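Undergrad: just the structure for this:
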Amino acid sequence: MQRMIRVAILGVATLFASQAVAAKDCEELKKEIAAKIEANGVTDYTLEIVPNEQVGERKVVGSCGGGTMKIVYERK
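TA: Predicted coordinates for the structure are as follows:
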């Protein structure tokens with residue numbers, strides 16, 4: 001019984017944590033992603049914040065705006 005309670009608490013905590021990440025400010029997240037990309041030596045790329053329906057075939061590297069926006073990456 002205690003194990004089930006722990007699993008339930010862990011599930012709720014995970015849900016809240018994932019919502020917090022999805023709700024992160026888009027510009028702040030874009031800057032964090034850019035820093036990581038540049039730390040890997042990549043200099044010729046673009047990051048763009050777009051609504052979910054405009055992602056198309058581009059690579060998604062982040063989600064923000066409460067899950068309504070995506071940050072897409074394209075290397076030149």
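Undergrad: ok, which stretches of this structure are helices?
TA: With DSSP state H as the criterion, the chain has helices at 2-22, 26-39.
Undergrad: give me the helices and strands touching the shortest one, please.
TA: Contact analysis of helix 26-39 by 3 or more C-beta pairs under 8 Å, 6 or more residues apart in numbering; DSSP states H and E lists strand 45-51, strand 59-64, strand 69-75 as its packing neighbours. Any C-beta I mention is one placed from the backbone N, CA and C, and that applies to glycine too.
Undergrad: where among the helices of the chain is the average confidence lowest?
TA: Looking over these, mean pLDDT reaches its minimum on helix 2-22, with a mean of 49.
Undergrad: turn the helices and strands packed on helix 26-39 into a markdown table, including mean pLDDT and distance to A34.
TA: Converted to a markdown table, the helices and strands packed on helix 26-39 look like this (pLDDT from 0 to 100; distance: least, C-beta to C-beta, whole Å):
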| stretch | mean pLDDT | distance to A34 |
| --- | --- | --- |
| strand 45-51 | 97 | 6 |
| strand 59-64 | 96 | 10 |
| strand 69-75 | 96 | 9 |
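Undergrad: what's the neighbour count on V50?
TA: For V50, the count of nearby residues is 15 (other C-beta atoms under 10 Å).
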